[in-house]
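Engineer: Predicted coordinates and the sequence they were generated for:
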Amino acid sequence: MAATRGVGTAGAERAGVLQGKAVVVTGAGQGLGAAYARLAAAQGARVLVNDIDAAAAQAVVQGIEAAGGQAAANAADISIWAGAAELIGECIGRFGTIDGLVNNAARFYMSRPEDEEEAAMRALLAVNVLGTAFCGVHALRHMLARGRGAIVNVTSGSQTGTTLQGVYGASKGAVASLTYSWSVDAAPHGVRVNAVSPMAKTPMADVARSYFTDRHRMPWPQVAVSPEDNAPVVAYLLSDAAQGVNGQVVRIDGDRLSLMTHPAVLHPPLESARWGVDEVAQAFEAQLKSRQLPVGVVGAELVLHPYALRYPRAADAGG
């Protein structure tokens, strides 16, 4: 079996951090999901590879088995309550339990707000939000009863506000909110819930590149980070080495590893006996306008604008 990048320690090779665990990965027929599934298996997990494309899921399973790992394919539609129940139930029936869930399945498209269409919006939200919620609920029922387990949701930097990705970003913001809430509910029972915000060359990245370069003749940088470069973070969060890590959104962007901030009330609050329109306006002019936070992925190398791209100077990026 090929060596895998170290999980939990920089530069070191570690094997088996998921030894014997039963893990479900949704949307694992290609891209990031396939990379998550392959590394989980390489680290000793028994993996249920889910993808609505049954042939793609089976191909990933064959690759895992050829490398000496254990895996099975599942083609349930996780955007349906019964499909999510079937998926989690198969993991428990096949492997005896479920120790980890990676909620990776997602749809993606780009659109100006005024060009959105109902069918596309509903299809995306059904997978990205309901699919994540459905699988998480069914997995949590088993994990909470057993007193152990880990869920890794997959969000995106788009949740912070990225041009032409309003509906997709909203879906990933919902996933982040699920992560925060579930982590609070599950922690007393020994279950951890975290999320990753990955960056990689995937079919989704190709869609974004095509949107700008083909449709609008605008420059778009190549994403050089591979899906495999993102997988160690997920394997770590699934493992017992991550005890004490809960309710976090971990951002992996090439050679950068960081945590994303949680939504929070900015302090100190302003106080007044009455907040009428005039009082609110005065508060903004006096203080709140200057406290506004930037929109988008703060610290990213590329700043996106609706009709142009620019690469910020170091000073603009805070460095």
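Structural biologist: It's in.
Engineer: can you give me the helices for the stretch 51-200 of the chain?
Structural biologist: Taking DSSP state H, counting those that start in this stretch as the test, the helices found in the stretch 51-200 of the chain are 54-66, 81-95, 118-125, 132-146, 166-186.
Engineer: chain center to stretch 172-184, what's the gap?
Structural biologist: Averaged C-alpha coordinates place stretch 172-184 at 11 Å from its chain's average position (C-alpha atoms, centre = their mean, to the nearest Å).
Engineer: averaged over its residues, what pLDDT does that stretch have?
Structural biologist: Taken as a whole, stretch 172-184 carries a mean pLDDT of 97.
Engineer: List the buried residues of that stretch.
Structural biologist: By neighbour count on 16 or more other C-beta atoms under 10 Å, the buried set for stretch 172-184 is K172, G173, A174, V175, A176, L178, T179, W182, S183. The way it works is simple: take the backbone N, C-alpha and C, and place the C-beta from them, glycine included.
Engineer: For it, output the C-alpha coordinates as PDB.
Structural biologist: As requested, C-alpha coordinates have been extracted for stretch 172-184 and formatted as PDB (Å, rounded to 0.1, in the frame of the first residue of the first chain):
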ATOM      1  CA  LYS A 172     -22.700  26.000   2.700                       C
ATOM      2  CA  GLY A 173     -23.500  28.600   5.300                       C
ATOM      3  CA  ALA A 174     -26.300  26.400   6.400                       C
ATOM      4  CA  VAL A 175     -23.900  23.500   6.600                       C
ATOM      5  CA  ALA A 176     -21.600  25.600   8.900                       C
ATOM      6  CA  SER A 177     -24.600  26.400  11.100                       C
ATOM      7  CA  LEU A 178     -25.500  22.700  11.300                       C
ATOM      8  CA  THR A 179     -21.900  22.100  12.400                       C
ATOM      9  CA  TYR A 180     -22.000  24.700  15.100                       C
ATOM     10  CA  SER A 181     -25.400  23.600  16.500                       C
ATOM     11  CA  TRP A 182     -24.800  19.800  16.300                       C
ATOM     12  CA  SER A 183     -21.400  20.200  18.000                       C
ATOM     13  CA  VAL A 184     -23.000  21.700  21.000                       C
END
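Engineer: how far away is the closest residue to N74 other than its chain neighbours from A73?
Structural biologist: Here the nearest residue to N74 in space, its sequence neighbours aside, is N50; by C-beta to C-beta, 6 or more residues apart in numbering that works out to 4.6 Å. With distances taken as C-beta to C-beta, to the nearest Å, N50 is found 8 Å from A73.
Engineer: cool, and G173?
Structural biologist: With distances taken as C-beta to C-beta, G173 is found 31 Å from A73.
Engineer: What of D53?
Structural biologist: Using C-beta to C-beta, D53 is found at 10 Å from A73.
Engineer: Any stretches of this protein with poor pLDDT?
Structural biologist: When residues are selected by pLDDT under 70, those of the chain lie in 1-15, 200-224, 297-319.
Engineer: how does it divide into domains?
Structural biologist: In the domain annotation for the chain, the residue ranges read 22-259, 265-319 (automatic domain parsing).
Engineer: Comparing D53 and A73, which residue is more hemmed in?
Structural biologist: A count of neighbours by other C-beta atoms under 10 Å puts A73 above the other of D53 and A73, at 21 against 12.
Engineer: Need the nearest residue in space to E116, chain neighbours excluded.
Structural biologist: Nearest residue to E116 in three dimensions, chain neighbours excluded: V167, at 6.5 Å (C-beta to C-beta, 6+ apart).
Engineer: I appreciate the help and will end here.
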